[in-house]
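> quick one, structure for this:
(2 chains)
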Number of protein chains: 2
Amino acid sequence: MKIAIAQQNYIAGDFEGNYQKIVQAVDTAFAQGADILLLAELTVCGYPARDFLDYRDFTHRSLQVVQRVADYAKNKLAVVIGTPTFNPVLDGKDLYNSACFLVDGNIEFTANKALLPTYDIFDEYRYFEPAKEFNVLEYKGYKIALTVCEDIWNIKNENPLYPMSPMDELVRQSPDLMLNLSASPFARGHARNRKEIVKANAIQYNVPVFYCNQYGAQTDIIFDGGSIVCSPYGKIYEELSYFEESVMTFDLESVKNYQGADQEQQEEDITLVHDALVLGIRDYFAKSGFKKAIAGLSGGVDSALVVALAAKALGPENIFSVLMPSQYSSDHSINDSLKLVENLGSPHAIMPIKDVFDAFEQTLVPHFEGLPPNVTEENLQSRIRAVYLMAFSNKFGYILLNTSNKSEAAVGYGTLYGDMCGAIGVIGDLYKTQVYELCRYINRDGEIIPENILTKAPSAELRPDQKDSDSLPDYDILDKILYQYIERCQSPQEIAAQGFDTALVQRVLKLVNNAEFKRFQTPPYLRVSPRAFGVGRRLPIVARYL
Amino acid sequence: MKIAIAQQNYIAGDFEGNYQKIVQAVDTAFAQGADILLLAELTVCGYPARDFLDYRDFTHRSLQVVQRVADYAKNKLAVVIGTPTFNPVLDGKDLYNSACFLVDGNIEFTANKALLPTYDIFDEYRYFEPAKEFNVLEYKGYKIALTVCEDIWNIKNENPLYPMSPMDELVRQSPDLMLNLSASPFARGHARNRKEIVKANAIQYNVPVFYCNQYGAQTDIIFDGGSIVCSPYGKIYEELSYFEESVMTFDLESVKNYQGADQEQQEEDITLVHDALVLGIRDYFAKSGFKKAIAGLSGGVDSALVVALAAKALGPENIFSVLMPSQYSSDHSINDSLKLVENLGSPHAIMPIKDVFDAFEQTLVPHFEGLPPNVTEENLQSRIRAVYLMAFSNKFGYILLNTSNKSEAAVGYGTLYGDMCGAIGVIGDLYKTQVYELCRYINRDGEIIPENILTKAPSAELRPDQKDSDSLPDYDILDKILYQYIERCQSPQEIAAQGFDTALVQRVLKLVNNAEFKRFQTPPYLRVSPRAFGVGRRLPIVARYL
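You can find the predicted model right below:
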């Protein structure tokens, strides 16, 4: 018995495009001699499809593609495919999140997902009824346990989210192997968790596990692939590549008997973060039908990193940088930026904002008479730059990249409708300290991001001699406090108890909560941590906690 | 036995402020001779508290307030209060959504919510474990069934969302009455559904029902109050007022025997929509600590309505209108706007955008050489206006009101970082045809919104002689198509089958899907329909459905 895994890059709702990908995988797996082709969770409609699942038409279309795949694979091999299906019972949610087993042109068997992740970016109980019945299927003399993603995660867990585990039920029917369809998104370090979970299942239930994960970015959610084949001894027989499509076929007996070393991918975490962001940019553009990006290049580290990543993702010729100096811009801001675009070989324009700023000032003078300059004039500069960038965007079809980092997004250190603009936030899930780490990684084989950008003190340059440190604590302290509050949901008392100044903690946490109204209007940020701003973190805007 | 209901306006996370409100209700109910005071769902922490519930500290603080209320009410009366509580069992979610019965300074009894709404704006399974055990409590010789909001909604339903109903379990223990703690938000027509549900429960389980609903706006979600007291005969003994705090005490025996006519509030739907929006504005400002609003007044119907509603909510002196004519603005735009602010008695400024527009144009000329004017120049005007409004906002502390309506938000007929700016969207859940309906309502006793604004053809006035109808179908057709797609989740085929042109339907639905990236960055819109844009409608940005 030979089992193929296909990790592929789908587009949510693109039924025809996804069908074409799937039949390619059928052909490849068939050519490789596979008996069964395992695909990912919700293969046909893409993941996450979100409220498209409220449209019955959407599920109908998905099921039509499933039937077309069944017809296509007939006389070739069996296919395990993910799709929403209708719940035939009136009570409960209308849909199941299903794995369908296709043989001889028919849906021979369907397993429904029981554990529905409803936390972070996941909303599955919004759409799906959890399975309550569990059966193995039989094929060519093998008993197969079909599970869907989260179904295998409620194991050896310190704080189990669910009161049951599907495999505890299925194991009573003595399965010979387990096939899992997943859509498990990338986060720094998460691939390790995934492998631990697969190993724990293989050992606990004494079955070889074939785990197929999606690959590709869906707006802000990035799937890294890294599908896993694991022996009952808990040894990884194969880990498929990250950030690539792949179809590979495995001999079941070989997997079953494998007791050797784990055969794993070897990339460092920072490499994966880099590759994830590059894929995030590339897929946002490719899947939306755009080619060219634009960004404002300030001379600071954030925009430099974004432009470098975009050059990698789209080609240096497809990232257009605009330098928009004001009277407060330092010479090095321009020079460093010019050095960067020269290193990259990417196009740029210089567009001083003085004339427009003066025109605004003159018309505002009668209204602002007697009032001192304040944050108004700082924001004005930032917003003028956004208007320029959007004018280029509109005229030439460039897509504006947002350059906010997670530290400034957290504390609201940015101008709404100014530097917080953009279609997609490239580094909005990287703390400032991680921004530097990634820049160093990009420069690992030679200077791409000019060294001076990495060594000078961060500044918004919106007033004379301004430094970030005028308003904010040092980033190495700030980022640690933010991490405890955002990722770990610690209280002010708990954070202070770790050795941070109590008043500082209170001030930082208040800044975070008060900036909720800004974050509500920011673009999606490419997610590379377990807790990113955006759909995975949902806070009230009008509230008074802390 | 006397039972008091207190519908009150809480702030999410404002534990001290909410405590003060609750003890006021204790005093009032005690003075009215009540034995039991019934409060709303998640009374102490406010609803929805969203991901604050991921902070254990948040629930700890809530439970501290519950204990303080118990202490305060000791020797006065029993209190039924809503709070998150910790799930003592390791398996499953960490919290319950609970109703606590406070007597003699103690939490005597706790009932947990079983049916957890996870659809539309609701995310309860994100946080809470559903109850699996059901018991009545006994107090002063009465058996009381405690239920929380959704618990009573799975009754006589054509498409039940859940496979069970808590009252089916509780009724086996022969309760004498049912108390329900709710946080049921306003939507046009929803109060009628609520009364039907309460009546159906009262009749089916043969108990008097006391139903306490929250009142007040939580950012975009507006709670209307309208708490209900219903006899076992399904007759409404009292419906508390809408959009007001209220504490009222009822004699259980009188309620039990009531067979008279339903005693209901009599407001028309349009009145309630008006009052909901006024409350939405008022609470956004009051709860955020702001007083003054700003809006751009274009001469069109949308901004006129927003300014009129803001004048009602905040006082005419607290809404500052800015008129920002361009070369394409018609004379009537200025005159109609001036007439409006005169009618309202509210302040305004006139700020032509020509100088700044020219400054932008001159600096862009070298970059745009040879390219014809297009949407770039239209958006530029809109964005210049936004920069002006935000400059006033920053300088004077005005909060910018967004004036997008649901029709244009749906099809993306608006400029991101331009007229789509604002802290809170006042009419983003009103289709254009409903905008006119509400204007007529406001003018019911005499002209407030100038008649000419209501009769002229809608235009963005961003190019010569532009009309909305150049780009969009007539609003009475557009709005019907949008309603079928957005509220009713109908497919293009289903909508066309209702008599709309197939190509037009396809075009409109594509516009809706393609505008997802814009809506992602818009402010929260005050929700007055069952399906508003915002947290209640979650679509992928990069996708290809339809």
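> from here on, just use CA atoms for contacts and neighbour counts.
Noted.
> show me what counts as buried in the longest helix anywhere in chain A.
As assigned by DSSP state H, the longest helix anywhere in chain A is helix A:375-396. Buried residues in helix A:375-396, defined by neighbour count with 16 or more other Cα atoms under 10 Å in any protein chain shown: A:376-395.
> elements contacting the helix or strand where A:Tyr96 lies?
A:Tyr96 belongs to strand A:95-103 when elements are defined using DSSP states H and E. If you count contacts as 3 or more Cα pairs under 8 Å, 6 or more residues apart in numbering or on different chains; DSSP states H and E, strand A:95-103 packs onto helix A:56-73, strand A:78-86, strand A:106-112, strand A:142-148.
> what about A:Ser165, distance to chain B?
11 Å (Cα to the nearest Cα, to the nearest Å).
> is chain B contacted by the longest helix of chain A?
Yes. Interface with chain B: helix A:375-396 contributes A:Val375, A:Thr376, A:Glu377, A:Asn379, A:Leu380, A:Arg383, A:Ile384, A:Val387, A:Tyr388, A:Ala391, A:Asn394, A:Lys395 (Cα under 8 Å from any Cα of the partner chain).
> any idea how far that helix is from the chain center?
Centre-to-centre, helix A:375-396 and its host chain are 28 Å apart (Cα atoms, centre = their mean, to the nearest Å).
> for stretch A:419-428, same thing?
That offset, for stretch A:419-428, works out to 14 Å (Cα atoms, centre = their mean).
> contact partners of that stretch?
For stretch A:419-428, contacts defined as Cα atoms under 8 Å, 6 or more residues apart in numbering or on different chains pick out A:220, A:277, A:280-281, A:284, A:302, A:306, A:382-383, A:385-386, A:399-406, A:409, A:414, A:435, A:522-527, A:532-533, B:417, B:517.
> which of those residues fall in helices?
Those of the contacts of stretch A:419-428 lying in helices (DSSP H): A:277, A:280-281, A:284, A:302, A:306, A:382-383, A:385-386, A:406, A:409, A:435, B:517.
> where are the low-confidence patches of chain A?
Along chain A, segments meeting pLDDT under 70 span A:156-158.
> mind running it again at 90?
Filtered on pLDDT under 90, chain A yields the residue ranges A:90, A:155-160, A:327-333, A:457-472, A:546.
> return the residue of it that is most distant from the centre.
Note on chain A: the largest C-alpha distance from the chain mean falls to A:Gly370, namely 48.5 Å (Cα atoms, centre = their mean).
> and it, backbone torsions?
Taking degrees, to the nearest 10, you get phi 80, psi -10 for the backbone angles of A:Gly370.
> likewise for A:Pro325?
Dihedral pair for A:Pro325: phi -70, psi 150, per degrees, to the nearest 10.
> before we move on, what about A:Glu369?
The phi/psi pair for A:Glu369 (degrees, to the nearest 10) reads phi -50, psi 130.
> give the buried residues for the host helix or strand of A:Lys287.
A:Lys287 belongs to helix A:269-288 when assigned by DSSP H and E. Using 16+ other Cα under 10 Å as the test for burial, helix A:269-288 gives A:270, A:272-285, A:287-288.
> give me the subset of those residues touching chain B.
Contacts with chain B within the buried residues of helix A:269-288, as defined by Cα under 8 Å from any Cα: A:Tyr284, A:Lys287, A:Ser288.
> quick one: the second one and B:Val542 touch, right?
Yes. Distance between A:Lys287 and B:Val542: 6.5 Å, which falls inside the contact criterion (Cα atoms under 8 Å).
> show me the common contact partners of the two, please.
A:Ile11.
> returning to that earlier point: so what secondary structure elements neighbour the helix holding A:Lys287?
So helix A:269-288, by 3+ Cα pairs under 8 Å, 6+ apart, packs with strand A:215-218, strand A:221-224, helix A:301-314, helix A:432-442.
> could you export the last one as PDB, CA atoms only?
So the one you mean is helix A:432-442. Extracted C-alpha coordinates of helix A:432-442, given in PDB (Å, rounded to 0.1, in the frame of the first residue of the first chain):
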ATOM      1  CA  LYS A 432      11.100  46.100  17.000                       C
ATOM      2  CA  THR A 433      13.800  43.900  18.400                       C
ATOM      3  CA  GLN A 434      12.800  41.100  16.000                       C
ATOM      4  CA  VAL A 435      12.900  43.700  13.100                       C
ATOM      5  CA  TYR A 436      16.600  44.100  13.800                       C
ATOM      6  CA  GLU A 437      17.100  40.400  14.100                       C
ATOM      7  CA  LEU A 438      15.500  39.900  10.700                       C
ATOM      8  CA  CYS A 439      17.600  42.700   9.100                       C
ATOM      9  CA  ARG A 440      20.800  41.100  10.400                       C
ATOM     10  CA  TYR A 441      19.600  37.800   8.900                       C
ATOM     11  CA  ILE A 442      19.000  39.500   5.500                       C
END
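> for that helix, which positions count as buried?
Across helix A:432-442, burial judged by 16+ other Cα under 10 Å covers A:Lys432, A:Thr433, A:Gln434, A:Val435, A:Tyr436, A:Leu438, A:Cys439, A:Arg440, A:Ile442.
> what does that helix contact?
Applying Cα under 8 Å, 6+ apart, the contact partners of helix A:432-442 are A:270-271, A:274, A:301-302, A:305, A:405-408, A:427, A:448-449, A:454, A:475-476, A:479.
> circling back: quick one, the strand holding A:Tyr96 and strand A:78-86 angle?
150 degrees (axes from the mean of the first three to the mean of the last three Cα atoms, to 10 degrees).
> how far does strand A:95-103 sit from the chain's center?
Relative to its parent chain, strand A:95-103 has a centroid offset of 25 Å by Cα atoms, centre = their mean.
> relative to strand A:142-148, how tilted is that strand?
Going by the same axes, to 10 degrees, strand A:95-103 is angled at 150 degrees with respect to strand A:142-148.
> got the angle between strand A:95-103 and strand A:106-112?
Comparing the axes of strand A:95-103 and strand A:106-112 via the same axes, to 10 degrees yields an angle of 140 degrees.
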